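Asks: Provide a 3D model corresponding to the input given below.
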Amino acid sequence: MDEAQLKSELQKHFGYTAFKEGQLEPIQSVLAGKHTLATLPTGTGKSLIYQLSGYLLEGIVVIVSPLLSLMEDQVAQLKFMGEKRTASLNSMLQFEERQRLLSNLDRIKFLFLSPEMLQNQVVLNKLKQIPLALFVVDEAHCISQWGLDFRSDYLFLGAARQALGNPLTLALTATATPAVMDDIIGSLHIDGNDLNVFEGPVDRANIYYKVAAVPPEGKNEYLLELLGKYPSPGIIYFSSKAQADAVAFMIRKKTNLRAEAYHADRTNEDRITIQHQFLQDELDVICATSAFGMGINKPNIRYVIHYHMPNSLEEYVQEIGRAGRDGQQSTAVLLYSETDFNFKVKMLQSDFPNDYAIESVLKNKAINPEYGSPTEHTLLLHILRQNFTKVEAKHFIAARHDLKKNLLKSMKGFAETNACKRDYISAYFGKNSLGKPEYCCDSCGNEDPSLAGEVRTRNTVPTTEVPQWEKILSDLFLL
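Replies: The predicted structure follows:
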């Protein structure tokens, strides 16, 4: 299909008159029968690529996603739009529910799967019995051992593809270095001669990069100074749930800003309410851990502040990418202290199993569910599934430790560089610099655009307007 025909289909199915940058070419590639890998920045609407492609292809679209919450969000959004032929197949389903769904796969258009479901022979056999239009791997960087978010379950996707007859495949991710992209292609067993790769720009020209060297004891005071001058709304990211709670309380107490904390310890009802309030401009500031933002679209976020140093540039770029989606000038600020880096390096060891845990797993062929952190469980599960020897297991753990330390060092390099921060990010992801916007970064001597205007004041009169819930739900989950 040419662009005009695809725009017509876009309007027919979704009501949009134009594609966002980076959507059209991957759709054309998929419809031409080419396996496709697309790296597109956060906020560019990756899910629309497989949704529109799916409507124009015969058969079921299978989407593999690592997060249950993200799967459920996408199912809810599709159903809200009127697409009832959608379902989620994961380990949370009761046996009877799973059997009912598997018996009715021929009535499903979009099937969301957790990766472990494709290790189930019953599921694979059922999928073999129906026409498979498209095999989608969302958050594809999870398949790479060189990525921060490596998921052992994703390593089985290549074998699952082969078992399903090597179907047409679309791999999607927001950020990936060249090494991660090569790993994705190889792990999925995709023929490089039958593959199109589309790399969206990492650079967001309307985001100004700023790093403020602030000691831990001075961060709250500096933050309050920024919040008194920055236009709202904004997000502040933390590594600690307790710190997110404490700073949200401080902001409410010392300013007129409406602030809430968002993290995994909040109830599901609280998290949904906070998302809705933020989307409706009923909150000015969200103090969040990385749990906030996945799949949520709010165009007018004016700043993203990192109270603590992120674990990697991949994580940093994805989180600051939630600012300025309306194209207006926005700011990304990192409150940096070398103490943050040293603390994260020190804490690395607690995320990795010790020799005793490794030897115990290899000996017993089982993992003690009461032992260690979720990260340790993931690594031990990988060791068990790969049937590693003791030497291989210890080599794997050492390599993962070195990788995470190097990712932290790259983030530290960004924080401490005197060179252009935009160029630093582009080089890290293997991209060419696209030039410098008017407001580039503090290294380039540009003034912080968010401080260029007058001190912001907010009308504290609460809104009495009845929320338009249909619009809220439509905007809440980004297509």
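Asks: domains in this structure, by residue range?
Replies: Split into domains by automatic domain parsing, the chain comes to 3-199, 207-342+410-476.
Asks: quick one: closest of those domains to residue 363.
Replies: For the domains of the chain, proximity to residue 363 was assessed by C-beta to C-beta; domain 3-199 is nearest, at 19.7 Å. C-beta coordinates here come from the backbone N, C-alpha and C atoms, glycine included.
Asks: what is the end-to-end distance of the closest one?
Replies: Length of domain 3-199, first residue to last, C-alpha to C-alpha, to the nearest Å: 19 Å.
Asks: do the same with stretch 159-173
Replies: For stretch 159-173, the separation between the terminal residues is 20 Å (C-alpha to C-alpha).
Asks: pLDDT of it, averaged?
Replies: Mean per-residue pLDDT for stretch 159-173: 95.
Asks: likewise for stretch 214-224?
Replies: Averaging pLDDT along stretch 214-224 gives 96.
Asks: and stretch 132-146, by the same measure?
Replies: Stretch 132-146 comes out at a mean pLDDT of 87.
Asks: report the contact partners of residue 143.
Replies: 137, 150, 151, 154, 155, 157, 183, 184, 187, 188 (C-beta atoms under 8 Å, 6 or more residues apart in numbering).
Asks: state the number of residues packed around the fifth one.
Replies: Applying the criterion other C-beta atoms under 10 Å, we find 18 residues in the vicinity of residue 155.
Asks: now do the contacts for it.
Replies: Contacts for residue 155 (C-beta under 8 Å, 6+ apart) come out as 143, 187, 382, 385.
Asks: cool, and the first one?
Replies: Taking C-beta under 8 Å, 6+ apart as the definition of contact, the neighbours of residue 137 are 64, 143, 154, 157, 169, 170, 171, 172, 184, 188.
Asks: also the third one?
Replies: With C-beta under 8 Å, 6+ apart as the criterion, the residues that contact residue 151 are 66, 115, 142, 143, 378.
Asks: need those residues in a markdown table with secondary structure and distance to residue 77, can you?
Replies: Shown next, in a markdown table, are those (DSSP: H, G, I helix; E, B strand; the rest coil; distance: C-beta to C-beta, whole Å):
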| residue | secondary structure | distance to residue 77 |
| --- | --- | --- |
| 66 | coil | 18 |
| 115 | helix | 21 |
| 142 | helix | 21 |
| 143 | helix | 25 |
| 378 | helix | 28 |
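Asks: make a markdown table out of these and add distance to residue 422.
Replies: Putting the contacts of residue 151 into a markdown table (distance: C-beta to C-beta, whole Å) gives the following:
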| residue | distance to residue 422 |
| --- | --- |
| 66 | 30 |
| 115 | 35 |
| 142 | 27 |
| 143 | 29 |
| 378 | 34 |
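Asks: just name the closest of those to residue 286, please.
Replies: residue 66 (22.9 Å).
Asks: name the helices or strands packed onto the host helix or strand of residue 400?
Replies: Element membership of residue 400 [criterion: DSSP states H and E] is helix 390-416. Helix 390-416 is packed against strand 207-213, helix 313-320, strand 330-336, helix 338-348, helix 355-364, helix 374-385, helix 421-428, with contacts defined by 3 or more C-beta pairs under 8 Å, 6 or more residues apart in numbering; DSSP states H and E.
Asks: ok so, going back, got the domains of the chain as TSV, with distance to residue 399 columns?
Replies: TSV is the format used below for the domains of the chain (distance: least, C-beta to C-beta, whole Å):
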stretch	distance to residue 399
domain 3-199	8
domain 207-342+410-476	16
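Asks: so what pLDDT did the residue of the chain most remote from its centre get?
Replies: Here the chain reaches farthest from its C-alpha mean at residue 363, the gap being 36.2 Å by C-alpha atoms, centre = their mean. Residue 363 carries a pLDDT score of 90 in this model.
Asks: ditto for residue 154
Replies: Value for residue 154, per-residue pLDDT: 82.
Asks: if I look at it, how far off is residue 319?
Replies: Counting by C-beta to C-beta, to the nearest Å, the gap between residue 154 and residue 319 amounts to 22 Å.
Asks: same check on residue 70?
Replies: The gap separating residue 70 from residue 319 is 16 Å, by C-beta to C-beta.
Asks: residues contacting the closest residue to residue 177 other than its chain neighbours?
Replies: Among residues not flanking residue 177 along the chain, residue 429 sits closest, at 5.8 Å (C-beta to C-beta, 6 or more residues apart in numbering). Contact analysis of residue 429 by C-beta under 8 Å, 6+ apart lists 175, 176, 177, 202, 313, 317.
Asks: rewinding a little: so residue 154 and residue 319 - more neighbours on which side?
Replies: The residue with more neighbours, out of residue 154 and residue 319, is residue 154; 26 against 20, by other C-beta under 10 Å.
Asks: need the contact list for that one.
Replies: For residue 154, the contact set (C-beta under 8 Å, 6+ apart) comprises 64, 66, 115, 137, 142, 143, 187.
Asks: make it 10 Å
Replies: The contact partners of residue 154, by C-beta atoms under 10 Å, 6 or more residues apart in numbering, come to 64, 66, 115-116, 118, 137, 139-145, 147, 184, 187-188.
Asks: roughly how far out does the helix holding residue 400 sit from the chain middle?
Replies: 21 Å (C-alpha atoms, centre = their mean, to the nearest Å).
Asks: and stretch 439-456, by the same measure?
Replies: 28 Å.
Asks: how far away from the center of its chain is whichever strand or helix holds residue 47?
Replies: Using DSSP H and E, residue 47 sits within helix 46-55. Computed by C-alpha atoms, centre = their mean, the chain-centroid distance of helix 46-55 equals 18 Å.
Asks: packing partners of it?
Replies: Secondary-structure packing of helix 46-55 (3 or more C-beta pairs under 10 Å, 6 or more residues apart in numbering; DSSP states H and E): helix 3-14, helix 24-31, strand 35-39, strand 60-64, helix 68-80, strand 110-113, strand 132-137, strand 169-173.
Asks: so where is the stretch 301-450 of the chain shaky, pLDDT-wise?
Replies: For the stretch 301-450 of the chain, residues meeting the criterion pLDDT under 70 lie at 370-371.
Asks: whoops, the stretch 151-300 of the chain was the one
Replies: Where the stretch 151-300 of the chain drops to pLDDT under 70, the residues are 294-296.
Asks: please pick the buried ones from the contacts of residue 429.
Replies: Buried subset of these (neighbour count, 16 or more other C-beta atoms under 10 Å): 175, 176, 177, 202, 313, 317.
Asks: contacting residues for the nearest residue to the last one once chain neighbours are set aside?
Replies: Sequence neighbours aside, residue 175 is the residue nearest to residue 317 in space, at 5.4 Å (criterion: C-beta to C-beta, 6+ apart). Applying C-beta under 10 Å, 6+ apart, we find residue 175 in contact with 39-42, 141, 147-148, 200, 202, 312-318, 321, 425, 428-429.
Asks: ok, residue 350 next?
Replies: Contacts for residue 350 (C-beta under 10 Å, 6+ apart) come out as 372, 373, 375, 376.
Asks: adding distance to residue 48 and neighbour count, write the residues you listed out as CSV.
Replies: Shown next, in CSV, are the contacts of residue 350 (distance: C-beta to C-beta, whole Å; neighbours: other C-beta atoms under 10 Å):
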residue, distance to residue 48, neighbour count
372, 39, 19
373, 36, 12
375, 32, 16
376, 37, 18
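Asks: residues near residue 212, how many?
Replies: As a burial measure, residue 212 scores 18 neighbours (other C-beta under 10 Å).
Asks: surely it meets residue 221?
Replies: No - using C-beta atoms under 10 Å, residue 212 is not in contact with residue 221; the gap is 11.6 Å.
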